[in-house]
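S.K.: Got a predicted structure here, sequence first:
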Amino acid sequence: MSNHPLQDSINAFQESFIQSVPEDTMATVITEQQTLMESGIAEKATREGNPFPSFNLPDAKGESRTLKELVSSGPLVISFYRGAWCPYCNLEIKALQDSLAEIEATGAQLIAITPQTPDKSKDQITAAKLTFDVLSDIGNELARQCGLVFTLPERLRPVYDAWQLDIPGHNDDDSFELPMPATYIVDGNGIIRYSYINMDYTRRVEPNIIIEQLKSLC
């Protein structure tokens with residue numbers, strides 16, 4: 001069995017997807033993504049050793065959840081993702097759901113954070129049968145405090161439209177601001193003990209690595 005099942009799934013999706021994309025469109029996507037990766041945004045994000053910013057965010061039911069409340073019972077795994085419109089994010093969310101029992105067996109909780117509205121998260125939770133909380137970071141305010149926010153380049157917006165990836169419709173704004181996919185492990189004192197941040201949205205941390213990191217905190 002592969003040690004990288006999530007990345008294997010992403011790679012398989014990517015290989016199939018690319019075959020359906022015109023060469024000129026794919027060239028635009030690659031160029032713009034490379035520019036974002038070379039911008040150095042990821043290097044400026046909040047990482048290990050720093051306190052995770054306090055937050056008070058609504059879950060899919062509109063009920064507020066706070067950092068203080070969530071870490072009061074132990075470590076917290078936080079997964080920032082772009083939204084239910086993103087197939088790469090959906091593969092990551094599924095992998096996290098599949099590993100949820102192992103994550104919780106370490107004494108940790110898992111939450112996901114996205115700029116999409118609670119209604120969109122509610123639809124996603126139902127469709128994907130998620131049993132962990134998805135919080136809405138409206139306006140990417142928390143992601144901004146973590147240094148994760150970037151703006152989707154204008155050249156990519158018509159491409160996303162053609163693919164029916166409706167970012168404004170999911171986020172209820174037309175800023176085209178998104179968080180870099182990122183995973184944090186925050187301890188009971190609110191301190192970041194592990195982080196994985198990558199401007200390349202096709203790369204995500206494996207759940208087994210998250211579990212290993214959680215076990216090392218014990």
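M.R.: All right, it came through fine.
S.K.: The most centrally placed residue in the chain - nearest residue in space that isn't next to it in sequence?
M.R.: Nearest to the mean C-alpha position of the chain, counting by CA atoms, centre = their mean, stands Tyr81 at 2.0 Å. Leaving out its chain neighbours, the residue that sits closest to Tyr81 by CB to CB, 6 or more residues apart in numbering is Cys89, at 4.0 Å. Bear in mind the C-beta positions are built from the backbone N, C-alpha and C, glycine included.
S.K.: Quick one: list the elements packing against the one helix or strand the one you found maps to.
M.R.: In the assignment (DSSP states H and E), Cys89 maps to helix 87-98. If you count contacts as 3 or more CB pairs under 8 Å, 6 or more residues apart in numbering; DSSP states H and E, helix 87-98 packs onto helix 5-18, strand 76-80, strand 109-114, helix 118-128, helix 207-217.
S.K.: CA-only coordinates of it in CSV, if you can.
M.R.: Provided in CSV are the C-alpha atoms of helix 87-98 (Å, rounded to 0.1, in the frame of the first residue of the first chain):
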residue,chain,number,x,y,z
PRO,A,87,-11.8,19.0,-6.6
TYR,A,88,-8.4,18.9,-4.9
CYS,A,89,-9.9,20.2,-1.7
ASN,A,90,-12.7,17.6,-1.9
LEU,A,91,-10.1,14.8,-2.2
GLU,A,92,-8.3,16.2,0.9
ILE,A,93,-11.5,16.6,2.8
LYS,A,94,-12.5,13.0,2.0
ALA,A,95,-9.1,11.7,3.1
LEU,A,96,-9.5,13.6,6.4
GLN,A,97,-12.9,12.2,7.0
ASP,A,98,-11.6,8.7,6.3
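S.K.: residues in contact with Leu130?
M.R.: Ile93, Gln97, Gln124 (CB atoms under 8 Å, 6 or more residues apart in numbering).
S.K.: Against Asn189, how distant is it?
M.R.: 28 Å (CB to CB, to the nearest Å).
S.K.: list the contacts for the spatially closest residue to Val77 that is not a sequence neighbour?
M.R.: Leaving out its chain neighbours, the residue that sits closest to Val77 by CB to CB, 6+ apart is Leu110, at 4.5 Å. Applying CB under 8 Å, 6+ apart, we find Leu110 in contact with Leu76, Val77, Ser79, Leu96, Leu100, Ile103, Glu104, Phe132.
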